[in-house]
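Chemist: predicted model and sequence below, questions to follow.
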Amino acid sequence: MTEIGHRMKSLRERAQITQAEIAKLCGTNQTTIARMETGKTAPSVKILVWWADYFDVSLDYLCCRTDQPQGKLYEYKPRARASGEEMKRFIEMCFEPNSPYNEKLKNALIKMMEEADK
């Protein structure tokens, strides 16, 4: 809890904003900000999201899950559990029928999917 408060305080101080000023901006009071920054009170999700948006950092950064302000960069790797035919129908639905590249892209994805199933 204290780490999150320190991170919040650091962002606020680097922006040269007082506790009273930030409290007014985010709709709380200076005492609450002081208690959050010292770890005596847990910030609400609403406050954390507001802080992340205001200082343009990720929630991962605010919650000390990373030291990179843009946050962790996740690589989405869904596991395909559908059958080959179900995946083909899904791919068909994903593309704009009037696009000149639709058929090539669709076929490339289907081919990649079929090769991955081998």
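Modeler: The structure has been received and is ready for your questions. Residues are numbered from 1 along each chain as shown.
Chemist: so residue 55 sits against residue 13, correct?
Modeler: No - using C-beta atoms under 8 Å, residue 55 is not in contact with residue 13, being 11.2 Å away. Every residue, glycine included, has its C-beta placed from N, CA and C.
Chemist: so which of these two has more stuff around it?
Modeler: residue 55 (19 against 12; other C-beta atoms under 10 Å).
Chemist: count of neighbours near the residue nearest to the more buried one when sequence neighbours are not counted?
Modeler: The spatial neighbour of residue 55 that comes closest, neighbours along the chain excluded (C-beta to C-beta, 6 or more residues apart in numbering), is residue 11 at 4.5 Å. Neighbour count for residue 11, taken as other C-beta under 10 Å: 20.
Chemist: packing partners for the helix or strand that contains residue 11?
Modeler: Using DSSP states H and E, residue 11 sits within helix 2-14. Applying 3 or more C-beta pairs under 8 Å, 6 or more residues apart in numbering; DSSP states H and E, one finds that helix 2-14 contacts helix 30-37, helix 45-55, helix 59-62.
Chemist: give the helix, strand or coil label for residue 92.
Modeler: helix (DSSP: H, G, I helix; E, B strand; the rest coil).
Chemist: was I right to think it contacts residue 105?
Modeler: No - Residue 92 is beyond contact range of residue 105, at 11.4 Å (criterion: C-beta under 8 Å).
Chemist: which residues touch residue 6?
Modeler: By C-beta atoms under 8 Å, 6 or more residues apart in numbering, residue 6 lies in contact with 37, 39.
Chemist: tell me how far it lies from residue 22.
Modeler: Between residue 6 and residue 22 the computed distance is 15 Å (C-beta to C-beta, to the nearest Å).
Chemist: no more questions from me, cheers.
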